[in-house]
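In: Give me the fold of what follows.
(one chain, ligands or ions: 3)
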Amino acid sequence: TVPRSKGLRDAEHQRASRIPSQFSQEERVAMKESLKGAIQIPTVSFNPGEFNTTALAEFGEYMHKVFPTVFRTSFIQHEVVGEYSHLFTVQGSDPSLQPYMLLAHIDVVPAPDQGWEVPPFSGLERDGFIYGRGTLDNKNSVMAILQALELLLIRNYIPRRSFFIALGHDEEIVAPGSISAGVRGTWGSEDLSPPPGKGCPARLHVDEGSFILDGFIPSLKKPFAMVSVSEKGSLDLMMEVNMTPGHSSAPPKETSIGILAAAVSRLEQTPMPNMFGSGPLKMTLQQLANEFSFPANVIFNNLWLFWPLVSRLMERDDITNALVRTTTAVTMFNAGIKVNVIPPVAQATVNFRIHPAQTVQEVLKLAKDIVVDDRVQFHVLEAFEPLPVSPFDDQALGYQLIRQTIQSVFPEINIVAPGICIAQTDSRHYTNLTTGIYRFNPLYLQPQDFSGIHGINERISVQAFETQVKFLFEFIQNADTEQRPVSHLHEL
Ligand SMILES: CCCCCCCC/C=C\CCCCCCCC(=O)N[C@@H](CC(N)=O)C(=O)O
Ligand SMILES: [Zn+2]
Ligand SMILES: [Zn+2]
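Out: Residues are numbered from 1 along each chain as shown. Ligands and ions are numbered 1, 2, ... in the order given. This next block holds a predicted model:
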């Protein structure tokens, strides 16, 4: 017989208080319409201090309108932080259980119309998909978290474990002093230590930053859930060349633009070293090894022998290349004042995403050694070291809760593997609060969908959004456990 594992709760308790994640047709229509309404509010972050404040204020009112029960429940405290971020404190019935935090962000990156099949802030539904900026990054999470809570409350749910919902308005802005995630203002300044009365630091923390990945690795037969237990660092480096302006009829051998363009070209043509094998990727691939078809399964089960081949193969694709090295992206270039004036200054900004085996300083030095031109000045605009790896063993409550919820909501997914987020998330601001920081969006993601994030035709299927709500509906209840989850039920 299958030994009855205590699991997260014993069966009797689960049956007595578990609320099934089944939604009426009316609720399903309402949740997708709520997401569409959220997408239609253009909460765009442009640059530090440059937000669409009208849209951000409108979004705050919109949440009140579509989630009335959340806002009128006595054990839920809502605070506006930094004018446009929102912190919900959901007080559980058992104060001995450490709280956790769900994180998402309201702001989105700009979306020029060109290239979009539908206007990027229309929220139009087409062929089962809702299109718009923020459908994957990250209004889907904002709305799914609040929608799940609203549906639970309507069903008289009372949480045992307290939790926070932190909805930031400046996640897409990387700037010194920004109050990313909005909660920083609540928790205090840099140290993020919770003020009195906010309870003990969060026990775990779930944010955007990975997905159920489908089709990212050739010869990997089926999709798998990657829970990002760390994230790459970042370095925003502004390079500048200054020269005496003059008449373009008698130009110098090189202008500031030419000097800087050559420096930038050298950076682009000299990739940072391949660090395969010195980060979480090797562990991810080892967990996936038996999911690959022959001969890949032999290769990934013998990385001690085949790692040089694998590291080279990973370089071929932009996304998997981002897993094996620090990436270099020249994202801004500004220079010149008039066609007949020698340009006094040229500036280029390079966005490095730092592999966990490197540091900001190492990347900065490598960049200087590649540019090798004293006329190019280096200005560090913003930098974050790669994050520490969060625990993902059987005793790691956060990881196991995510894993358990994946297995119940996505029974077809039989691999849940730890990995690294190639982008940055607001979770980097919370390392003072917990070591259990996990990044996972309960959505299938295919490579073509990834190109919609910060790109064109960002979209989410209606079904995927409904399942995301279901995941959170289940996760919040699963988090009520007071025991450590059993990560492996005994098989027959
Ligand atoms: C071995 C398996 C293959 C792994 C493939 C990974 C595919 C990509 C998966 C997830 C990437 C996560 C992207 C969503 C989060 C993006 C959050 C974001 O845009 N952050 C900003 C924040 C900022 N302003 O810095 C960013 O620029 O990173
Ligand atoms: Zn995001
Ligand atoms: Zn983003």
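In: contacts and neighbour counts: CA atoms only from here.
Out: Fine.
In: Can you tell me the SS state at Ala329?
Out: strand (DSSP: H, G, I helix; E, B strand; the rest coil).
In: Near ligand 1, which residues of this structure? Just list them.
Out: 171-174, 208-210, 216, 319-320, 421-425 (CA under 6 Å from any ligand atom).
In: rerun at 8 Å
Out: 136-138, 171-174, 208-211, 213, 216-217, 226, 234, 281, 284-285, 319-320, 323, 419-426, 445, 447, 450, 453-454 (CA under 8 Å from any ligand atom).
In: Can I get the buried ones among these as something I can paste into PyMOL?
Out: Per 16 or more other CA atoms under 10 Å, the buried members of the residues of the chain next to ligand 1 correspond to this PyMOL selection:
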select buried, resi 136+137+138+171+172+173+174+208+209+210+211+213+216+217+226+234+281+284+285+320+323+419+420+421+422+424+425+426+445+453+454
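In: Keep only those of the residues of the chain next to ligand 1 that are in helices.
Out: 281, 284-285, 319-320, 323, 447, 450 (DSSP state H).
In: Tell me how far the closest residue to Asn334 other than its chain neighbours lies from Glu33.
Out: Excluding its sequence neighbours, the residue lying closest to Asn334 (CA to CA, 6 or more residues apart in numbering) is Gln347, at 5.2 Å. Remark: distance between Gln347 and Glu33 (CA to CA, to the nearest Å) = 44 Å.
In: which one of the two has more residues nearby?
Out: Gln347 (21 against 18; other CA atoms under 10 Å).
In: tell me which element that one falls in.
Out: strand 345-354 (DSSP states H and E).
In: packing partners for that strand?
Out: Contacts defined by 3 or more CA pairs under 8 Å, 6 or more residues apart in numbering; DSSP states H and E place strand 345-354 against strand 233-242, helix 256-269, strand 327-335.
In: do that again at 10 Å, thanks
Out: Counting by 3 or more CA pairs under 10 Å, 6 or more residues apart in numbering; DSSP states H and E, the packing neighbours recorded for strand 345-354 are strand 233-242, helix 256-269, helix 318-324, strand 327-335, helix 360-371, strand 377-384.
In: Val108 reaches Asn140, doesn't it?
Out: No. Using CA atoms under 10 Å, Val108 is not in contact with Asn140, being 11.3 Å away.
In: where do the contact lists of the two overlap?
Out: Residues touching both Val108 and Asn140 by CA atoms under 10 Å, 6 or more residues apart in numbering: 39, 134.
In: residues contacting the residue lying closest to Ile437 once chain neighbours are set aside?
Out: Using CA to CA, 6+ apart and skipping residues adjacent in sequence, the residue nearest Ile437 is His205, 4.9 Å away. Shown in contact with His205 (CA under 10 Å, 6+ apart): 99-103, 163-165, 398-399, 427, 430-431, 433-439.
In: Just the ones in strands from the residues you listed, please.
Out: Using DSSP state E, the subset of those located in strands is 100-103, 163-165, 437-439.
In: was I right about Pro99 contacting Phe163?
Out: Yes. Look at Pro99 against Phe163 with CA under 10 Å: they come within range, at 4.8 Å.
In: Now for the two: what residues contact both?
Out: Shared contacts of Pro99 and Phe163, counting by CA under 10 Å, 6+ apart, come down to 89-92, 202-205, 479-480.
In: pLDDT-wise, what's the bottom of those residues?
Out: Least confident entry in the shared contacts of Pro99 and Phe163, by pLDDT: Ala202, with 61.
In: related to what we said a few turns ago, now the contacts of His205: which count as buried?
Out: 99-103, 163-165, 398-399, 427, 430-431, 433-439.
In: Retrieve the pLDDT associated with the one residue in the stretch 51-200 of the chain that gets nearest to ligand 1.
Out: Relative to ligand 1, the nearest point of the stretch 51-200 of the chain is Glu172 (3.6 Å; CA to the nearest ligand atom). At Glu172, the pLDDT value in this model is 90.
In: Kindly report the same for Gln407.
Out: At Gln407, pLDDT is 96.
In: any idea how far it is from Tyr62?
Out: According to CA to CA, Gln407 and Tyr62 sit 33 Å apart.
In: and if you look at Met332?
Out: Going from Met332 to Tyr62 by CA to CA gives 35 Å.
In: With Gln424 instead?
Out: Applying CA to CA, the value for Gln424 to Tyr62 is 27 Å.
In: And the strands in the stretch 51-200 of the chain, which stretches?
Out: Ranges of strands in the stretch 51-200 of the chain, per DSSP state E, counting those that start in this stretch, are 76-81, 85-90, 100-105, 125-126, 129-131, 163-168.
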